[in-house]
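> My questions concern the predicted model and sequence given below.
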Amino acid sequence: MHVVAPEQYNDLLNEKQSRIESDFASLNIPPIEVFASQPLHFRLRTEFRVWHEGDRCFYAMFKPGTKTDPIEITDFPIASADIVELMPKLLEAINARPLLKRKLFQVEFLNTLSGDMLVTLIYHRQLDDEWQAEAQSLKTEFGIHLIGRARKMRILMDQDYVTESLTVEGKTFQYKQIEGSFTQPNGEMNQKMLAWARKVTHGNQGDLLELYCGNGNFSIALADNFRRVVATEISKTSVHAANDNKRMNNIENLEFARVSAEEFTAHMTGETLRRRLKDLDLETADFQTVLVDPPRAGLDTDSCTLISQYANIVYVSCNPETLKTNLEQLSNTHNIEHFALFDQFPYTHHIECGVYLTKK
């Protein structure tokens, strides 16, 4: 758990900026663009263990390394205002319904800037028709989407996603965000990230290649900056959502392929051809810009070598350590033109960065 102290937020953000400036000094990065978060109510996705004590249950968190010494959570000010408002009301309703309370293990909230809310109740028991009847009354009472989960069981009371609307440079984009799949937890910061990516790629020629595209978060918002966009992602659920998002936003110059970054690299080098990529007519693509948003492990050496072939690179990173390693390789072929710090996770040590590089 982290101490939430809004009065210290600017100092904490300045510390993150100083850390990045120090860690990347050897790369001679340009002045950092710093994008601050709202100090409160910025998180759209959160989850809590449920602890049972006597005839009541409550939201709980635990100190690192402990599982039997719960800290009751009665207020969670970093969560969105919608989540903060719903939390006590939902808990009161669950405590008043023994069928919903019995062996409830965890509650997950997924919210959007546009107000859509999905709640997942996770149990250490199987769920039956009586549970569904009680769950339906809970869903109706609060006007939420609701999912029940148990071992080898997943019950949708209506749907397993929320629909987000993001406004970027005056344009509105809609995104299906599926329960259990990755989405950016800080919605307002996500809008700033998308606006930054649009700005640094504005006027770029040719086509865009994106690796690790998720549900199409960046490619949807960047499509009108390019002639054609090809985006890859290994998660089947995320690719389905990405294609739904493509249709919702009426985008015609964007194609998604379900392959990993490593598989795409092997295909492009001719090492191992992938059937899922053969129909995309990649030979006619004019990829001059590549965008990568890899997991914390960063890019492997071969993927770095692949993207170094393109004129422009947009690198979004959730781990400064692996970002620095990758930039040390990429700086052999590219100059760092822009460097941004996005404070996705205030009050933690986590830092999200955006880097734009151009060919030397």
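Yep, it's here. Residues are numbered from 1 along each chain as shown.

> Can you list the buried residues in the helix-or-strand element of the chain with minimal mean pLDDT?
Ranked by mean pLDDT, DSSP states H and E, the helix or strand of the chain with the weakest confidence is helix 275-278, at a mean of 73. The neighbour-count check on helix 275-278 (16 or more other CB atoms under 10 Å) flags Leu277 as buried. Placement of C-beta: from N, CA and C, glycine included.

> Can you give the strand pairings for the helix or strand just after it, parallel or anti for each?
As assigned by DSSP states H and E, the chain's next helix or strand after helix 275-278 is strand 287-292. Using DSSP bridges, strand 287-292 pairs in its sheet with strand 207-211 (parallel), strand 312-317 (parallel).

> C-alpha coordinates for strand 287-292, CSV please?
In CSV, the C-alpha atoms belonging to strand 287-292 read as follows (Å, rounded to 0.1, in the frame of the first residue of the first chain):
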residue,chain,number,x,y,z
PHE,A,287,6.5,1.2,-42.9
GLN,A,288,8.3,4.4,-42.0
THR,A,289,7.1,4.6,-38.4
VAL,A,290,7.0,1.9,-35.8
LEU,A,291,5.3,2.1,-32.3
VAL,A,292,6.1,-0.3,-29.5
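
> Run the chain-centre distance for that strand.
Here strand 287-292 is found 20 Å from its chain centre; the criterion is CA atoms, centre = their mean, to the nearest Å.

> Give me the residues contacting it.
197, 201, 204-212, 218-219, 222, 226, 230, 261, 299, 303, 307, 310-316 (CB atoms under 8 Å, 6 or more residues apart in numbering).

> how about low-confidence regions in the stretch 201-350 of the chain?
For the stretch 201-350 of the chain, the stretches with pLDDT under 70 are 273.

> What's the PyMOL line that selects buried ones from the contacts of strand 287-292?
Buried subset of the contacts of strand 287-292, written as a PyMOL selection, criterion 16+ other CB under 10 Å:
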select buried, resi 197+201+204+206+207+208+209+210+211+212+218+219+222+226+230+261+299+303+307+310+312+313+314+315+316
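
> can you redo the strands paired with strand 287-292 as a markdown table with distance to Met61?
Shown next, in a markdown table, are the strands paired with strand 287-292 (distance: least, CB to CB, whole Å):
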| stretch | distance to Met61 |
| --- | --- |
| strand 207-211 | 35 |
| strand 312-317 | 28 |
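
> Which one of those strands lies nearest to Asn190?
strand 312-317 (10.8 Å; CB to CB).

> relative to strand 312-317, how tilted is the helix or strand just after that closest one?
Once the chain leaves strand 312-317, the next helix or strand it forms, by DSSP H and E, is helix 320-330. Orientation of helix 320-330 against strand 312-317 (axes from the mean of the first three to the mean of the last three CA atoms, to 10 degrees) gives an angle of 160 degrees.

> Kindly spell out which helices and strands sit in contact with whichever helix or strand comes after helix 320-330.
Using DSSP H and E, the helix or strand that directly follows helix 320-330 along the chain is strand 334-342. Counting contacts by 3 or more CB pairs under 8 Å, 6 or more residues apart in numbering; DSSP states H and E, strand 334-342 packs against helix 9-23, strand 33-35, helix 187-201, strand 352-359.

> relative orientation of strand 334-342 and helix 187-201 in degrees?
Using the same axes, to 10 degrees, strand 334-342 lies at 160 degrees relative to helix 187-201.
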